[in-house]
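*Asks:* Can you look at this prediction? I've put the sequence above it.
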Amino acid sequence: MNAPGSNPLLEVRDLEKHYPITKGVLKREVGRVRAVDGIDITVERGQTVGLVGESGCGKSTAATTILQLEEATGGQVLFDGEDVTEFGKRDMKRFRRRAQMIFQDPDSSFDPRMSIGESVAEPLLVNGMDDRQRRRRIVEQLLVRVGLQASDADRYPHEFSGGQKQRIALARALSVNPDLLVADEPVSALDVSIQAEILSIMEELQREFGLGILIISHNLGVIREICDRVGVMYLGQIVEEGPTEEIFNDPQHPYTRALISSIPVPDPHLSRDEVSLSGDVPSPSNPPKGCRFHTRCPEVIQPDAYDFDQETWRHFVDYKYRVQDGSLDAQSIRESVVTEEDAYDEPNEVPFEAFESRLRTEFSIPAPLPDERAEDVLERSIRSVYDGDLEAAASLLREEFETVCRQETPAEVHVTSDHRAACHLAEAETAVETPAHSSD
Ligand SMILES: Nc1ncnc2c1ncn2[C@@H]1O[C@H](COP(=O)(O)OP(=O)(O)OP(=O)(O)O)[C@@H](O)[C@H]1O
């Protein structure tokens, strides 16, 4: 940890990596893929910090941008207090030694023609250690340190299993005595039985070398195993961040809750209510307005005027968004009625009642809705969909069923002094618990 007043090992501030989307021969920029869209994360010496989220949330881009393997489009990466994004050649070389990375696929990390000894020694050579025997001694010590044998230095990558190769990758990363290790899905390509071994070696090495580790994983189980702190990433942003135990025991963001609920329970007799998330992560080239998670959030907030059962409300909002983005296909609903009911031969023979009933079944929307006014608007919107006028349906729904989750971007709130989350629900709760905040 830091001496008072000294800088954290790594401090990422408002980091952005946007990829331009270009068109035509002139490569005119017509949009941006917001892969990383303003993240803050800190890694102290001797600390392990996890970055977790589904595939496509921007974790790998965050890692490569932090390490300057890709140029940031905004923000700062402070390493020991110095802004890495402004480093010249010499400082960059020093940074490249002090901050090492290991990847998911240990196979791709090695040149099959080089012996393990040569591969592990490579960073030493690049950093100017010309003494061959000294290099060899260090390599042998490191191989033993990661649970292999000194004589393995003379063998070749194909002679090792995936788990052994990941141990060798660790030995190589540590050969130059780094301060920071960034590990991108270091165990997800390995058998579950081997994963625990690699994680425990990482923990031991971290203690021994006083390393700061940033570990990236889609697997919260892995993160819980070894991290002191966790950042939960969704669509290029960190939606919740805090000490690991707090994140697991008192998750504030519905996305975190959904990820936690999907961790497999080892004992099949123990059950947990798994929160299922509908659909995939939306495209970062056109992220949803307001809270980016609202298009999939099981806890999306209802307008004050309604008191729907939450699941019904979620299904209802799914219907609304499908109407609004124009992806609801009335013809396929008619066709499915024809396929399932003998009464009709052609899609255009399907009457409104059968169409409506099929649509409600598809979206799990009960008939009628418990609220009369809502039922009236819903019914009129389904009538417009039936008539092929999605525009009219969309405008009816837009006016009636708005959620704060789409209307407003949630502010980041501090649940405790070092646990933050960006969700309207967390905002409401902290406002109740700490009234002083509301008057700020
Ligand atoms: N070079 C690129 N050009 C355009 N878009 C990119 C580029 N690299 C990544 N992306 C996009 O950025 C988003 C984030 O990708 P990234 O690989 O960082 O996510 P991830 O959370 O690490 O997912 P995974 O675990 O699948 O690698 C994705 O939508 C991806 O398609």
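*Replies:* Perfect, thanks for sending it. Residues are numbered from 1 along each chain as shown.
*Asks:* Kindly list the main-chain dihedrals of the one residue in the stretch 151-300 of the chain that gets nearest to the ligand?
*Replies:* Relative to the ligand, the nearest point of the stretch 151-300 of the chain is P284 (4.8 Å; CB to the nearest ligand atom). In short, each C-beta sits where N, CA and C put it, glycine included. Taking degrees, to the nearest 10, you get phi -70, psi 0 for the backbone angles of P284.
*Asks:* what distance separates stretch 188-198 from the middle of the whole chain?
*Replies:* The chain centre lies 21 Å from the centre of stretch 188-198; the measure is CA atoms, centre = their mean, to the nearest Å.
*Asks:* Then stretch 106-120?
*Replies:* 30 Å.
*Asks:* Equivalent analysis for stretch 418-433, please.
*Replies:* On CA atoms, centre = their mean, the centre of stretch 418-433 falls 20 Å from that of its chain.
*Asks:* which stretches of the stretch 151-300 of the chain have low pLDDT?
*Replies:* Along the stretch 151-300 of the chain, the model assigns pLDDT under 70 to residues 265-274.
*Asks:* which bits of it sit near the ligand?
*Replies:* Within reach of the ligand by CB under 6 Å from any ligand atom, the stretch 151-300 of the chain has these residues: H218, P284.
*Asks:* any chance you could map the helices in the stretch 101-250 of the chain?
*Replies:* Listed in chain order, the helices of the stretch 101-250 of the chain (DSSP state H, counting those that start in this stretch) span 116-126, 132-145, 162-174, 192-209, 220-226, 244-249.
*Asks:* Only the buried residues of the last one, if you could.
*Replies:* By neighbour count with 16 or more other CB atoms under 10 Å, helix 244-249 contains the buried residues T244, E246, I247, F248.
*Asks:* how distant is that helix from the center of its chain?
*Replies:* On CA atoms, centre = their mean, the centre of helix 244-249 falls 17 Å from that of its chain.
*Asks:* Against which helices or strands is it packed?
*Replies:* With contacts taken as 3 or more CB pairs under 8 Å, 6 or more residues apart in numbering; DSSP states H and E, helix 244-249 sits against helix 220-226, strand 229-234.
*Asks:* Put the alpha carbons of the shortest one into CSV.
*Replies:* Once non-C-alpha atoms are left out, strand 229-234 reads as follows in CSV (Å, rounded to 0.1, in the frame of the first residue of the first chain):
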residue,chain,number,x,y,z
ARG,A,229,-11.5,-4.9,-5.2
VAL,A,230,-13.9,-5.3,-8.2
GLY,A,231,-15.0,-3.0,-11.0
VAL,A,232,-18.1,-4.1,-12.8
MET,A,233,-18.1,-3.0,-16.4
TYR,A,234,-21.1,-2.6,-18.7
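*Asks:* from the helices of the stretch 101-250 of the chain, which stretch is densest packed?
*Replies:* When the helices of the stretch 101-250 of the chain are scored by mean count of other CB atoms under 10 Å, the highest mean neighbour count falls to helix 162-174 (a mean of 23).
*Asks:* okay, the angle between it and helix 116-126?
*Replies:* 20 degrees (axes from the mean of the first three to the mean of the last three CA atoms, to 10 degrees).
*Asks:* Against which helices or strands is helix 162-174 packed?
*Replies:* strand 99-102, helix 116-126, helix 132-145, helix 192-209.
*Asks:* between those, which gets nearest to Y386?
*Replies:* Of all those, helix 192-209 sits nearest to Y386, with 50.2 Å by CB to CB.
*Asks:* Can you tell me the closest non-neighbouring residue to G81?
*Replies:* Counting by CB to CB, 6 or more residues apart in numbering, the nearest residue to G81 once its immediate chain neighbours are dropped is N7, at 3.5 Å.
*Asks:* What of Y306?
*Replies:* Per CB to CB, 6+ apart, closest to Y306 is D371, 5.8 Å.
*Asks:* go on, P287?
*Replies:* In space, P287 is closest to L235, 5.2 Å off (CB to CB, 6+ apart).
*Asks:* How about E349?
*Replies:* V338 (7.8 Å).
*Asks:* Surely the one you found and E346 touch.
*Replies:* Yes - counting by CB atoms under 8 Å, E346 is a contact partner of V338 at 6.8 Å.
*Asks:* Of those two, which one has the most company?
*Replies:* The residue with more neighbours, out of V338 and E346, is V338; 17 against 9, by other CB atoms under 10 Å.
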